[in-house]
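[1] attaching a predicted model along with its sequence, questions to come.
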Amino acid sequence: MAAKGSSFLITATPVTLFAHLLLIAVTTLLLVWLLHFQGGLAFKSDNHDKIFNLHPLLMVIGFILIAGEAIMSYKTVPGTRRTRKLVHLILHSIALAAGIFGVCIAFRYHDKESKPDMYTLHSWLGLSTICLFGFQWVFGFFSFWFPGAEMPTRGRLMPWHWFVGMVIFLMAILTAETGLVWRFYDLELQRSQEALIVNFTGLLILLFAIAVSLSVVLPRGY
């Protein structure tokens, strides 16, 4: 992988630094949107929109951004390969937990608002992504962590683990983008500061996905 990545004439380091800056920017915009424009966050509230606001928070910050960090951990975390593998596992575990909780919040909101479930492309993509992410996590845990497959088997499985993982990550990005579009029209936003924040959040999430994807094919910088 490193030999092929060298054709880009850069290492993963500047790309991962750019991704970290994008993570900070996305987090900031999302919090401004949810706390300032959308009234805040709550697990229990008479204002059901506050309950719903937990959904984008968990799915974008908890699921997508942390999953992206997990993918980049092999290029950003110093130490042994096993240390990087442990960080990769822990971050993906956090992302999976946040994703499951985020989906539950969406169902909870729909129940309180008496809205139908699973009728949009966003919801189809979202649930498919979470299910595939869960299967990938189980597969990776038992194949590469405990008890772990034999080394020749790991070698054969690794390209598929890498490929499926990136597909799932890009599915999560697509789900987030369709979710932002759906929320944009649900709130009937027009030309306003809030509309700009939502749009820029979507653009920065896309840039984050590009940076994470590029970092995978580039060699480590140290």
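    All right, it came through fine.
[2] wait, doesn't residue 169 sit right on residue 68?
    Yes: the pair residue 169 and residue 68 qualifies as a contact (Cβ atoms under 8 Å) at a distance of 7.0 Å. In short, each C-beta sits where N, CA and C put it, glycine included.
[3] between those two, which contacts overlap?
    By Cβ atoms under 8 Å, 6 or more residues apart in numbering, residue 169 and residue 68 have these common neighbours: 209, 212.
[4] higher neighbour count, the two?
    Between residue 169 and residue 68, residue 68 has the larger neighbour count (other Cβ atoms under 10 Å), namely 28 against 24.
[5] so what pLDDT did the more buried one get?
    If you check residue 68, the pLDDT there is 98.
[6] what mean pLDDT does the lengthiest helix in the chain get?
    Of all the elements of type helix in the chain, the one with the most residues (DSSP state H) is helix 151-186. The pLDDT scores in helix 151-186 average 96.
[7] OK, contacts around the residue sitting nearest the centre point of the chain?
    Against the mean C-alpha coordinate of the chain, by Cα atoms, centre = their mean, the closest residue is residue 64 at 1.1 Å. Shown here is residue 64, whose contacts under the criterion Cβ under 8 Å, 6+ apart are 95, 169, 172, 173, 176, 205, 208.
[8] so where does the last one fall, helix or strand?
    Just to be clear, that refers to residue 208. Under the criterion DSSP states H and E, the helix or strand holding residue 208 is helix 193-217.
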